[in-house]
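Engineer: Just the structure for this:
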Amino acid sequence: MFDDILAAAKGSSADSSSKIEPVNEEDGHVRIAVIGVGGAGCNCVDRLTKIGIKSATTIGLNTDAKHINMIQAHKKILIGKTITRGLGAGGYADIARKAAEADREMLKREIGENELVFLVAGMGGGTGGGAAPVVAEIAKEQGAIVVSIVTYPFALERVRIKNAQVQIKNLVQKSDTVVVIDNNRLASYVPNLPIDKAFELADSITSRAVIGIADTIMFPSLLNVDFADVRAVMQGGGLAMISLGEGTGMDRVQNVVKDTLEHPLLDVNYEGAKGCMLHIEGGPDLTLGDAIKTGETLTQSFDPTSGIKVGARVNPNMRETIRVTAIITGVRSPYIFKKDDDSSGLDLAATSSSSGDSALQYL
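Structural biologist: Below you'll find the model as predicted:
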């Protein structure tokens, strides 16, 4: 499955970089932006732009002028010119935070007013960890629902792990939902993947989640999800995780549910989850019954009062295959937040969505 994700990302971006057009706000009433903060975040935005995302505007933001000039985005923002002189934050989150704060008014203008902001960044380093909470705060102040999707360092990066834990806590306080992709989980699922490919895979997974949600909001689908649905699940969602699955053949519904539950990208317990944004993709043979059964089976162990929204799109290039991207909110992860740290895990779970939805909703 993960090899397919990488291959699909490469294939879709092969010839799309020649013409880059931002989303036309007149095409839909929802303004969606994807903001990449720091090196990892900008790399993801670069991938999304080259793929040719049409449902959102991409923005690259960095303290490193050289790197930001290398990427493609609908808009590029260099922050902290007077502090870093465009040379980057040197891995120091405090410097990146000061750089973002120094340009707060400029960021307000450049980011603009959006209904939904996806903020993508790597945790554990400088610009992503330091500036992302400031950017999230600015976006929320301007009325956006902020969904941050961040990567968690490999176990061998001991110093970065400690930094990442602090940075994620800070980001949770400023975002509606923070989705954590654990690079260690990716390594365990694809153990022979070179480290550079692992980073590409994390970008591809983030891209798949963003495009899945944004496209289902903006364009007609088999099962539509509107902005109100996203807000109901993501607002106050706290710590969240993402899981991917794929099923083929006659038993594709059962297979995709099993695969999704077995491939979480963060060490969490599904039981008691407070919300789920479920995106289902299938070929022309995907039926409404398949989509409903997939959603019901996948979420049967969730909290009875959880807010669950399901969107489904038909991909004409797929045959006898169902793919699922699930973002599950209101979870706890002792792997990231230690059990004896009362200021993290319990509080994060307590900030879960309180949308009040008592049943699985297909909109």
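Engineer: For my notes, confirm Ile280 occurs in a helix.
Structural biologist: No: under the criterion used here (DSSP: H, G, I helix; E, B strand; the rest coil), Ile280 is strand, not part of a helix.
Engineer: Neighbours of it, how many?
Structural biologist: By other CB atoms under 10 Å, the residues close to Ile280 number 28. Any C-beta I mention is one placed from the backbone N, CA and C, and that applies to glycine too.
Engineer: which residues does it bridge with?
Structural biologist: Going by DSSP bridges, Ile280 is paired in beta bridges with Ala312, Val324.
Engineer: my read: it touches Val324, true?
Structural biologist: Yes: judged on CB atoms under 8 Å, Ile280 makes contact with Val324 at a distance of 5.7 Å.
Engineer: quick one: common contacting residues for these two?
Structural biologist: Residues touching both Ile280 and Val324 by CB atoms under 8 Å, 6 or more residues apart in numbering: Thr294.
Engineer: confidence score at the residue nearest to Leu288 when sequence neighbours are not counted?
Structural biologist: Closest residue to Leu288 apart from its sequence neighbours, by CB to CB, 6 or more residues apart in numbering: Leu222 at 6.8 Å. In this model, Leu222 is scored at 86, pLDDT.
Engineer: What of Ala350?
Structural biologist: For Ala350, the predicted pLDDT is 34.
Engineer: pLDDT score assigned to Asn114?
Structural biologist: If you check Asn114, the pLDDT there is 94.
Engineer: and it, how many residues sit next to it?
Structural biologist: Counted with other CB under 10 Å, the neighbours of Asn114 add up to 23.
Engineer: Wait, a helix at it?
Structural biologist: No: counting by three-state DSSP, Asn114 falls outside a helix, being coil.
Engineer: Could you pull up the contacting residues of it?
Structural biologist: Contacts for Asn114 (CB under 8 Å, 6+ apart) come out as 31-33, 139, 142-144.
Engineer: If we use 6 Å, what do you get?
Structural biologist: Residues near Asn114 by CB atoms under 6 Å, 6 or more residues apart in numbering: 31, 33, 144.
Engineer: Tell me, how many residues neighbour the last one?
Structural biologist: So that's Ala144. Other residues within reach of Ala144, judged by other CB under 10 Å, total 24.
Engineer: Give me the three-state assignment for Ala240.
Structural biologist: strand.
Engineer: From Ala209, how far out is it?
Structural biologist: Applying CB to CB, to the nearest Å, the value for Ala240 to Ala209 is 11 Å.
Engineer: Over to His74?
Structural biologist: Distance of His74 to Ala209, computed by CB to CB: 19 Å.
Engineer: if you count what's nearby, which of these two comes out ahead?
Structural biologist: Ala209 (23 against 19).
Engineer: Please give the element, helix or strand, for that one.
Structural biologist: Using DSSP states H and E, Ala209 falls within helix 195-218.
Engineer: For that helix, the averaged confidence score.
Structural biologist: According to the model, helix 195-218 has a mean pLDDT of 86.
Engineer: Please, where are all the helices along the stretch 51-200 of the chain?
Structural biologist: 65-70, 81-84, 93-102, 104-111, 127-141, 158-174, 183-189, 195-218 (DSSP state H, counting those that start in this stretch).
Engineer: between these, which gets nearest to Ile308?
Structural biologist: helix 195-218 (14.0 Å; CB to CB).
Engineer: What average pLDDT does stretch 300-312 get?
Structural biologist: In this model, stretch 300-312 has an average pLDDT of 84.
Engineer: can you list the helices of the stretch 51-200 of the chain in TSV and add distance to Leu266?
Structural biologist: Conversion of those to TSV gives the following (distance: least, CB to CB, whole Å):
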stretch	distance to Leu266
helix 65-70	27
helix 81-84	32
helix 93-102	21
helix 104-111	27
helix 127-141	17
helix 158-174	11
helix 183-189	7
helix 195-218	12
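Engineer: which of the ones you listed is buried the deepest?
Structural biologist: Neighbour counts averaged per stretch over these are highest for helix 127-141, at a mean of 26; criterion: mean count of other CB atoms under 10 Å.
Engineer: Just the C-alpha atoms of that helix, please, in CSV.
Structural biologist: Taking Å, rounded to 0.1, in the frame of the first residue of the first chain, the C-alpha atoms of helix 127-141 are listed here in CSV:
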residue,chain,number,x,y,z
THR,A,127,11.2,27.0,11.9
GLY,A,128,8.5,24.4,11.9
GLY,A,129,8.4,23.9,15.6
GLY,A,130,8.9,27.5,16.5
ALA,A,131,6.8,29.4,13.9
ALA,A,132,3.9,27.0,13.4
PRO,A,133,2.1,27.8,16.7
VAL,A,134,2.3,31.5,15.8
VAL,A,135,1.0,30.9,12.3
ALA,A,136,-1.8,28.7,13.7
GLU,A,137,-2.8,31.4,16.2
ILE,A,138,-2.9,34.1,13.5
ALA,A,139,-5.1,31.9,11.2
LYS,A,140,-7.5,31.2,14.1
GLU,A,141,-7.7,34.9,15.0
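Engineer: could you say what helices and strands that helix packs with?
Structural biologist: strand 32-37, helix 38-51, helix 93-102, helix 104-111, strand 116-122, strand 145-152, helix 158-174 (3 or more CB pairs under 6 Å, 6 or more residues apart in numbering; DSSP states H and E).
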